[in-house]
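Asker: Provide a 3D model corresponding to the input given below.
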Amino acid sequence: MKIAMASDHGGLGLKEQIKKYLEEQGIEVLDLGTNSEESVDYPVYGKACGEAVMSGKADRGIVFCGTGIGISIAANKVKGIRCALCTDVPMAEMTRKHNDANVLAMGGRTTDPEMAKAITQKWLDTEFEGGRHQRRVDMLNQM
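Answerer: Sure, this is the predicted structure:
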């Protein structure tokens, strides 16, 4: 599995921690930046991650900003992206099971690193259930 990752300055610290966590598991990471604490615009990075997933350069993506809100909105502007902001493990599980989320968003200033690792692991390990949920995902993809 290959994961695209991107953040603005507010999410950089958590991005780096989750990147290391994934690489320690042998997961390939495509780091799309930012790589500095200098102020940058989150829409650039949310879009880049969404486009990497939709082009097939990565299987899924993870994005970070201060709260995860802005960058999740940006990622969701890319057609076909279903980015979910998750703040706990049950959210990560359900967004995969029911929404087939292909991008995960978390807040660098709002999410504890250990919780972020648990969220990431559950999101990676959970499969889409399909069934009645497939119809809804198809509707989202048509929007």
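
Asker: from the contact counts, what lies against the helix or strand of the chain with the lowest mean pLDDT?
Answerer: Across the helices and strands of the chain, the lowest-confidence element by mean pLDDT, DSSP states H and E is helix 132-142, at a mean of 94. Using 3 or more C-beta pairs under 8 Å, 6 or more residues apart in numbering; DSSP states H and E as the contact test, the elements touching helix 132-142 are helix 89-99. The way it works is simple: take the backbone N, C-alpha and C, and place the C-beta from them, glycine included.

Asker: contacts for the helix it packs on, please.
Answerer: The contact list for helix 89-99 (C-beta atoms under 8 Å, 6 or more residues apart in numbering) reads 82, 84, 86, 101, 104, 115, 118-120, 122-123, 126-129, 133, 136-137, 140.

Asker: would you write a PyMOL line that selects the buried entries of those?
Answerer: Here is the PyMOL command that selects only those of the contacts of helix 89-99 that count as buried (16 or more other C-beta atoms under 10 Å):
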select buried, resi 82+84+86+101+104+119+120+122+123+126+128+137
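
Asker: so of the contacts of helix 89-99, which ones are in helices?
Answerer: If you go by DSSP state H, those have 115, 118-120, 122-123, 133, 136-137, 140 in helices.

Asker: kindly reformat those as CSV containing distance to K2.
Answerer: Formatted as CSV, the ones in helices among the contacts of helix 89-99 follow (distance: C-beta to C-beta, whole Å):
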residue, distance to K2
M115, 24
A118, 22
I119, 19
T120, 15
K122, 19
W123, 15
H133, 25
R136, 26
V137, 21
L140, 23
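
Asker: nearest to Y21, of those residues?
Answerer: Using C-beta to C-beta, T120 is the member of the ones in helices among the contacts of helix 89-99 that lies nearest Y21, at 6.8 Å.

Asker: how close does that closest one get to A6?
Answerer: 15 Å (C-beta to C-beta, to the nearest Å).
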